[in-house]
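A.B. asks: Following is a predicted model, sequence given first.
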Amino acid sequence: MKRSFLTRLGLDRDADTRAIRRAYARELKLIDQERDGAGFQVLREAYEAALRWAETSSGAQAPSIDLAPTSGALASETEPELDGGNGAGNGEREGEGETNVAPAPHYGVPLSATQIQFRIPTAAERTADPRFLARAAYDQFLASVDLAGLREDDGLEVCERTLRAQIDDPMLLNIAARGLFEHTIATKLADGWERGHEYLLIAAQRVFHWADEQGRLRHLGEPGAIIDEAIEERAQFNCQHSSVIIAQREIIGRLRGGAPEAVQLRRDMLMVERMAARFPNWLSVIVDINAVVEWRRLYQQAGGTPITQEQILRPQPQPEATRETASSWSFAWPFFMALFM
């Protein structure tokens, strides 16, 4: 039997996390979150339950239950109007008396202690609370773009376009909500690498003008300070010679792909240590730092020559082509001097 949370999202039993996020984004657009808080909460619970179910090896242990909460509180409660009119649930005016508390629908999937109960915010509270708006906007953004599935050829374009569309959403007309949404994106990046963060960092930098407005990131606290450093380090990375950039980008790709062969590991390890020393914050955003730790372990296990701090801090060797160009100019300059004298 199909699980009720899958039915709510219009999905089959073989749905993966990508399909779940797309279905959530589709259904979210059909809900008026200001007037149908109960419907939004039911959809949100179905989405979270479906993600938990998809991440397990088998959903066989999750029993199928009725989509509606057993207490009936959600089904019977009517949202009060924004002008403070009577609520149909208890006949009291908005802001008076106790607000109904209903157990969250759990769809047979275990919940954390903080998810056992939820309070249905009124329409006025949702409109005024920037935290609610920022969270809803962030959920919608994640549901609208599959960060882990972004491709190298168009990943940045897709990510930036989706982020700009989310910024233009009416939910973020609230200035405080917009700031909290920006803070959430910065925190997501600062927490460490996940697939797609290499695109999200650049997209967010462009959309929020992080590199253009000096000090903008600092008001976001510690996450902002980390991302500020990461952006500066990325700029330094791009100032290197093109041959060095190409070589280091190839190594970054291998760091995301798992452990290399021993020969490749010996060839790459010094450059990995140099990148970790020069670009620590940027590297932590675009690469799983645990992969660097694992490479170090495998390098030692393979009998690699210990890399000293002096080697790491030594200036990058000048590429052969550059040295040849510089050498040719050193021989040619007397000729040009004689020509113009």
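C.D. replies: That came through, no problem.
A.B. asks: show me where pLDDT drops low in the stretch 151-300 of the chain?
C.D. replies: The model of the stretch 151-300 of the chain has pLDDT under 70 over residues 214.
A.B. asks: could you pull out the helices for it?
C.D. replies: Secondary structure of the stretch 151-300 of the chain, counting by DSSP state H, counting those that start in this stretch: helices at 155-167, 175-190, 197-207, 221-238, 242-257, 262-278, 280-286, 289-301.
A.B. asks: Make TSV out of those helices and add mean neighbour count and distance to Arg22.
C.D. replies: Using the backbone N, CA and C atoms, a C-beta is placed for each residue, glycine as well. Formatted as TSV, these follow (neighbours: other Cβ atoms under 10 Å; distance: least, Cβ to Cβ, whole Å):
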stretch	mean neighbour count	distance to Arg22
helix 155-167	18	12
helix 175-190	19	20
helix 197-207	21	18
helix 221-238	17	28
helix 242-257	15	24
helix 262-278	17	35
helix 280-286	21	25
helix 289-301	15	29
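A.B. asks: Nearest to Leu43, out of these?
C.D. replies: Evaluated with Cβ to Cβ, the helices of the stretch 151-300 of the chain place helix 155-167 nearest to Leu43, the distance being 17.9 Å.
A.B. asks: That closest one vs helix 175-190, what angle?
C.D. replies: Angle of helix 155-167 versus helix 175-190, following axes from the mean of the first three to the mean of the last three Cα atoms, to 10 degrees, is 150 degrees.
A.B. asks: Show me the contact partners of helix 155-167.
C.D. replies: Helix 155-167 is contacted by residues 137, 140-141, 144-145, 147, 150, 172, 178, 181, 185, 196, 199-200, 202-204, 206-207 when judged by Cβ atoms under 8 Å, 6 or more residues apart in numbering.
A.B. asks: Quick one: closest of the helices of the stretch 151-300 of the chain to Lys29.
C.D. replies: helix 155-167 (11.9 Å).
A.B. asks: ok and that closest one relative to helix 197-207, angle-wise?
C.D. replies: Relative orientation of helix 155-167 and helix 197-207, computed by the same axes, to 10 degrees: 50 degrees.
A.B. asks: going forward can the numbers begin at 50, since that is how I track them
C.D. replies: Sure, I'll start numbering at 50, so the last one becomes helix 204-216.
A.B. asks: Start and end of stretch 72-87, how far apart?
C.D. replies: End-to-end distance for stretch 72-87: 18 Å, by Cα to Cα, to the nearest Å.
A.B. asks: Buried residues, it. List them.
C.D. replies: For stretch 72-87, the neighbour count (16 or more other Cβ atoms under 10 Å) marks Ala72, Tyr73, Ala74, Glu76, Leu77, Ile80, Gln82, Glu83, Arg84, Gly86, Ala87 as buried.
A.B. asks: For my notes, please list the residues you listed in TSV and give pLDDT and distance to Gly353 for each entry.
C.D. replies: What follows is the buried residues of stretch 72-87, written out as TSV (pLDDT from 0 to 100; distance: Cβ to Cβ, whole Å):
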residue	pLDDT	distance to Gly353
Ala72	84	48
Tyr73	84	47
Ala74	79	47
Glu76	83	52
Leu77	79	51
Ile80	76	56
Gln82	67	56
Glu83	64	60
Arg84	71	63
Gly86	71	59
Ala87	74	60
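A.B. asks: List just the nearest of those residues to Ile301.
C.D. replies: Ala74 (30.1 Å).
A.B. asks: Quickly find the element holding the closest residue to that closest one other than its chain neighbours.
C.D. replies: Closest residue to Ala74 apart from its sequence neighbours, by Cβ to Cβ, 6 or more residues apart in numbering: Ala192 at 3.8 Å. Ala192 is part of helix 179-193 when elements are defined by DSSP states H and E.
A.B. asks: List of residues touching that helix?
C.D. replies: So helix 179-193 is contacted by 70-71, 73-74, 77, 82, 89, 93, 96, 170, 174-175, 211-212, 214-215, 218, 220-221, 223, 225-230, 232-234 (Cβ under 8 Å, 6+ apart).
A.B. asks: quick check: angle from it to helix 204-216?
C.D. replies: 150 degrees.
A.B. asks: buried sites along helix 179-193?
C.D. replies: Going by 16+ other Cβ under 10 Å, helix 179-193 has these buried residues: 179, 181-193.
A.B. asks: nearest to Pro364, of the helices of the stretch 200-349 of the chain?
C.D. replies: That would be helix 311-327 among the helices of the stretch 200-349 of the chain, by Cβ to Cβ, at 10.1 Å.
A.B. asks: what about the stretch 50-199 of the chain, any weak spots by pLDDT?
C.D. replies: 50-52, 82-83, 106-177.
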